[in-house]
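In: Here you go, sequence then predicted model.
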Amino acid sequence: MSKLYWGGKMEVITRGAVITEPGNSVENKTGTWRVFKPVINYDKCIRCLICWQFCPEPAILRHDDEETKMKTPAPKEALKKLPVVEIDYDYCKGCGICYNECPVKAIDFVKEEK
Amino acid sequence: MNYEKEEFFAPGHGMCAGCAAPIIVRWVLKLAGPNTIVTNATGCLEVATTAYPRTSWRVPWLHVAFENAAAAAAGVEAAAKAKGEKLNIIAFGGDGGTVDIGLQALSGMVERGHNVLYVLYDNEAYMNTGIQRSGATPWGAWTTTSKVGSANPIGKLRPKKPIGRIIAAHGASYVATANPAFFQDFKKKVQKALSSEGAKFLHVLSSCTTGWRHDPSKTIEVLRLATDTGLFPLWEVVDGDLENMRITYKPKKFKPVEEYLKMQGRFRHLLKNPEYVKKLQDDVNAWWEKYGHHYP
């Protein structure tokens, strides 16, 4: 990482502009770009993971732990064996691919209100 | 080992909302796993994922100039070989950095037979610098350097360069076209490419919401139509054997090209004249007439 000198006024860059911290773009909260916001309706979600598969950020998290799988509502009890998806609004840019591709229309696309 | 649940491409990158390139990159990295080194030609992907001092890459990543992603990847591969390390060396390039500017380096890499996977994400113009035409721009597309007006009502006047066939003619060990909308096919091809030895080339169609002019949410829908209309056929060639090219997907019923065109602003002008639409449809029909028998 670069170091800040002169109280942040001057930045000394690393030699060769090398970035030594992998994946540190997580500091950029691209969720502020959003105009429309996808909201998952868990009573309809069949946990097919298509939204997770096509998310370009990735801003759709996949939970494989038993606790989250069981406690999240599902349209059928048997579906609770499958992984659960959750939208990470810190990074979701609101492109709407998940909303468009969801085979059971379990994702609503609503105007962002602040 | 299966790394599908892990992310090697971090969120927070600056790619446009609805861009298909990060979907491609994410999945290529997931399927390759952590034992990977990436070289990246200049383009949207490079500019937007590594704005100093931050990077979205969780694997070693090397930025090179516009033209030499393949040459740098070849060097990395030679070094890994000298050290006796078994790594996945992957080069990513857009259509500008592959089809036009990087073609020479790519040709050399394939000819020398380096064990590298080159992934072309093809958004059919120089989108990063402001939608200029490239060798991969299809006939009839509007770009800022193939403007549409009374003098030229068509847009780009030349067809798309058949880059996959050009690389396959070099004798590359594996060449395929893929489309993320046909996900299982795409995944299978990436896996096949990663597991074969020698120079591999994947031509992946990637829609650009700003350049193709469609709603960001329609990205996958547009890509699906590209193949369902027959405009972007999915095929693979092993060891440069073009005679035995294999088409991996053929729509049961082809959709009319008009459906693909009307979704995108860059083709809007073509719809005003049925002759232009017919020309494109005839081109598609001719392709399938010529190569359709390669579908098993």
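Out: Everything's here; your move.
In: How many residues are close by the nearest residue to B:H269 once chain neighbours are set aside?
Out: In this structure, B:H269 finds its nearest non-sequential neighbour in B:V148, 4.7 Å apart by Cβ to Cβ, 6 or more residues apart in numbering or on different chains. Yep, even glycine has a C-beta here, placed from its N, CA and C like the rest. When counting by other Cβ atoms under 10 Å in any protein chain shown, one arrives at 20 neighbours for B:V148.
In: What separation do you get for B:V148 and chain A?
Out: 27 Å (Cβ to the nearest Cβ, to the nearest Å).
In: Please enumerate the strands of the chain.
Out: I'll assume chain A. Under the criterion DSSP state E, chain A contains strands at A:3-5, A:10-12, A:36-40, A:60-63, A:84-87, A:107-111.
In: oops, I was thinking of chain B
Out: All strands of chain B, identified by DSSP E, fall at B:36-40, B:61-63, B:88-94, B:117-122, B:174-178, B:200-205, B:234-238, B:246-249.
In: what's the angle between the fifth one and strand B:234-238?
Out: Interaxial angle, strand B:174-178 versus strand B:234-238 (axes from the mean of the first three to the mean of the last three Cα atoms, to 10 degrees): 180 degrees.
In: what number of residues lie near B:S150?
Out: B:S150 has 5 neighbours, counted by other Cβ under 10 Å.
In: Please report phi then psi for it.
Out: Dihedral pair for B:S150: phi -70, psi -30, per degrees, to the nearest 10.
In: For chain A, tell me whether stretch B:87-96 is touching it.
Out: No: contact between stretch B:87-96 and chain A is absent, the nearest approach being 14.7 Å (criterion: Cβ under 8 Å from any Cβ of the partner chain).
In: rewinding a little: highest mean neighbour count out of the strands of chain A?
Out: Per residue and on average, the most neighbours among those fall to strand A:84-87, with a mean of 21 (mean count of other Cβ atoms under 10 Å in any protein chain shown).
In: Neighbouring strands of that strand in the sheet, and parallel or not?
Out: Applying DSSP bridges, strand A:84-87 is found paired with strand A:60-63 (antiparallel).
In: gap between the partner strand and the chain center?
Out: Relative to its chain's centre, strand A:60-63 lies at 7 Å (Cα atoms, centre = their mean, to the nearest Å).
In: Residues in contact with it: which ones?
Out: Contacts with strand A:60-63, where a contact means Cβ atoms under 8 Å, 6 or more residues apart in numbering or on different chains, come from A:49, A:51-52, A:69, A:72, A:83-88, A:92, A:98, B:5.
In: Please apply the same query to stretch A:26-42.
Out: A:51, A:57, A:59, A:72-74, A:85-94, A:96, A:98-99, A:106-112, B:10-14, B:17, B:54.
In: rerun at 6 Å
Out: Applying Cβ atoms under 6 Å, 6 or more residues apart in numbering or on different chains, the external contacts of stretch A:26-42 come out as A:72-73, A:87, A:89-94, A:98-99, A:106-112, B:10, B:12.
In: List buried residues within those.
Out: Buried by 16 or more other Cβ atoms under 10 Å in any protein chain shown: A:72, A:87, A:91-94, A:98-99, A:106-107, B:10, B:12, out of the contacts of stretch A:26-42.
In: quick one: contacts for the residue of chain B found nearest chain A?
Out: Proximity of chain B to chain A (Cβ to the nearest Cβ) peaks at B:S217, 3.0 Å away. If you count contacts by Cβ under 6 Å, 6+ apart, B:S217 has them with A:96-97, A:99-100.
In: Give me the pLDDT value at B:P296.
Out: B:P296 carries a pLDDT value of 88.
In: got the residues of chain B near chain A?
Out: Along chain B, the residues adjacent to chain A under the rule Cβ under 6 Å from any Cβ of the partner chain are B:7, B:10-13, B:17-19, B:22-23, B:52-56, B:58, B:216-217, B:219-220.
In: these two touch, right, B:I37 and B:W61?
Out: No: B:I37 is beyond contact range of B:W61, at 7.8 Å (criterion: Cβ atoms under 6 Å).
In: Would you mind checking which of the buried ones among the contacts of stretch A:26-42 is nearest to B:D239?
Out: Compare each of the buried ones among the contacts of stretch A:26-42 with B:D239 using Cβ to Cβ and the shortest gap goes to B:A10, at 36.3 Å.
In: is A:R62 in a bridge, and if so with what?
Out: Bridge pairing for A:R62 (DSSP bridges) gives the partners A:V85.
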